[in-house]
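Enquirer: Structure for the following, please:
(one chain, ligands or ions: 1)
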Amino acid sequence: MTGYKVANGNGHSNGNGNTKGTNGTNGHSNGHKSADYTAQENPTMCSRDCCSGPGGSNRGNTCSDKKGAKAGSLTGEKIIPTPQSLLGNGKIQCELTHEELRALRVLNEDTYPYEVIEEIADFITKGSGMRPKIGIICGSGLGSLADMIQDPKIFEYEKIPNFPVSTVEGHAGRLVVGTLEGATVMAMQGRFHFYEGYPLAKCSMPVRVMKLCGVEYLFATNAAGGINPRFAVGDIMLMHDHVNMLGFAGNSPLQGPNDPRFGPRFPALVNSYNKDLINKAIEIAKAMGIESNIHVGVYSCLGGPNYETIAELKALRMMGVDAVGMSTVHEVITARHCDMKVFAFSLITNKCATEYSDKKDDEANHDEVMAVAKNRQKACCELVSRLIREIHLASA
Ligand SMILES: O=P(O)(O)O[C@@H]1C[C@H](O)[C@@H](CO)O1
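Expert: This is a model prediction of the structure:
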């Protein structure tokens, strides 16, 4: 390993296992045409595939006319508007305001336009009266990182326009803006995971919000399984690289049209993890007396929500992966795309078995992940706050 001053030599060992739908625009012939609908004529709308599925497939064939739809029930069931039926071909008029329609469209889109991200960032900077310099993403069970923030302004995700919501235990679902060690920061207490059903661009959209709020440094943390046999539960692995397994499968947060206001079409990802910050973190760990619990290594993100099979873990190890999780990589890609400096670490919450065994102990589980995170939150908080202090002092 080059470039890192790990004194205990127990860190990274590279390599070898040791160390949308449109509404009724075609095909719909059973009595009603989407273009005929107005709020006045028809306050309710059929939500079946025949009306609201892609292209109006007319599959249901039970929806005979708009009179039937207006009555609100054709077969005794309640008929409700759907996003697809409302957003179809632009000819539909309904009682939703322009803003509500736009919000529905954004929630149904995979990617967020620059202007929408800008609006979210404005909402946060105006609401907090701050332009934070450091963004923090709290991993599973590591929400206490955000509890350290002084004079916090708290934004519940559900109250932020066009923001997704957190669905995972251990991810509170709020954005905390304030100061930490003198620096202005914003922290996500709860991130979005691919397995929650969000596309990767949506999972990492908050990183772009951070950028437009003024954030220059991204601190991303996660709970991860240790594959490197030298890692113990409770250790911290500073990420110096990653293997993007979702990318191997052709999935990226940068897929789709590229908006150059965020960054280039083809960003380079070598040196994604800031070496100076890694070295500073190692120095801090020495000063804290936890040097023997610190490693530098390679993280890989799988889609989850299932934990990995033994064969998968063996394969990851052969690829040089030291720790495995279900997040962070797409956030880092998005951050590097818009030229943020990145510092990221994994808290090793469980050891991953790479040999077959009947021992139940070998099975990862989320309760254990949360319990270990709770136990180690103090050390993680101290590492983060001391590093932020260094950044702040260096820029003062
Ligand atoms: O958000 P992170 O990556 O810290 O959460 C990890 C991965 C899964 O969400 C969960 C599994 O226990 O913890």
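
Enquirer: in the stretch 251-396 of the chain, which spans are helices?
Expert: Here the stretch 251-396 of the chain has its helices, by DSSP state H, counting those that start in this stretch, at 275-288, 310-318, 329-337, 366-395.

Enquirer: Just tell me which of the ones you listed ends up closest to the ligand.
Expert: Among the helices of the stretch 251-396 of the chain, helix 366-395 comes nearest to the ligand, with 3.9 Å by CB to the nearest ligand atom. To be clear about C-beta, it is placed using only N, CA and C from the backbone, and glycine gets the same treatment.

Enquirer: Only the buried residues of the closest one, if you could.
Expert: Using 16 or more other CB atoms under 10 Å as the test for burial, helix 366-395 gives 366, 369-370, 372-373, 376-377, 379-388, 390-392.

Enquirer: quick one: it near the ligand?
Expert: Yes. Using CB under 6 Å from any ligand atom, helix 366-395 reaches the ligand at His366, Val369.

Enquirer: Distance from the chain centre to that helix, please.
Expert: 19 Å (CA atoms, centre = their mean, to the nearest Å).

Enquirer: Check which helices and strands that helix is in contact with.
Expert: Counting contacts by 3 or more CB pairs under 8 Å, 6 or more residues apart in numbering; DSSP states H and E, helix 366-395 is packed against strand 134-137, helix 144-147, strand 183-189, strand 217-226, strand 236-244, helix 275-288, strand 341-351.

Enquirer: so which of the helices of the stretch 251-396 of the chain comes closest to Cys138?
Expert: Cys138 sits nearest to helix 366-395 of all the helices of the stretch 251-396 of the chain, at 9.4 Å, using CB to CB.

Enquirer: Now render the helices of the stretch 251-396 of the chain as a markdown table, adding mean pLDDT.
Expert: Formatted as a markdown table, those follow (pLDDT from 0 to 100):
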| stretch | mean pLDDT |
| --- | --- |
| helix 275-288 | 98 |
| helix 310-318 | 97 |
| helix 329-337 | 98 |
| helix 366-395 | 96 |
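
Enquirer: Using a markdown table, lay out these together with distance to Met130.
Expert: As requested, the helices of the stretch 251-396 of the chain are arranged in a markdown table below (distance: least, CB to CB, whole Å):
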| stretch | distance to Met130 |
| --- | --- |
| helix 275-288 | 22 |
| helix 310-318 | 40 |
| helix 329-337 | 19 |
| helix 366-395 | 14 |
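
Enquirer: To Ser357, which of these lies closest?
Expert: Distance to Ser357, taken as CB to CB, is lowest for helix 310-318 among these, at 8.6 Å.

Enquirer: so the closest one versus strand 217-226, what angle?
Expert: 130 degrees (axes from the mean of the first three to the mean of the last three CA atoms, to 10 degrees).

Enquirer: mind checking how far helix 310-318 is from the chain centre?
Expert: Mean-position distance between helix 310-318 and its chain equals 24 Å (CA atoms, centre = their mean).

Enquirer: Can you give me the buried ones in it?
Expert: Burial within helix 310-318, assessed by neighbour count using 16+ other CB under 10 Å, is assigned to Glu312, Leu313, Lys314, Leu316, Arg317.

Enquirer: contact partners of that helix?
Expert: Residues outside helix 310-318 that contact it (CB atoms under 8 Å, 6 or more residues apart in numbering): 16-17, 225, 227-228, 243, 300, 302, 308, 324, 352-356.

Enquirer: again, 6 Å this time
Expert: Residues outside helix 310-318 that contact it (CB atoms under 6 Å, 6 or more residues apart in numbering) are Gly17, Ile227, Ser300, Val324, Cys352, Thr354, Tyr356.

Enquirer: That helix to strand 236-244, inter-axis angle?
Expert: 100 degrees.
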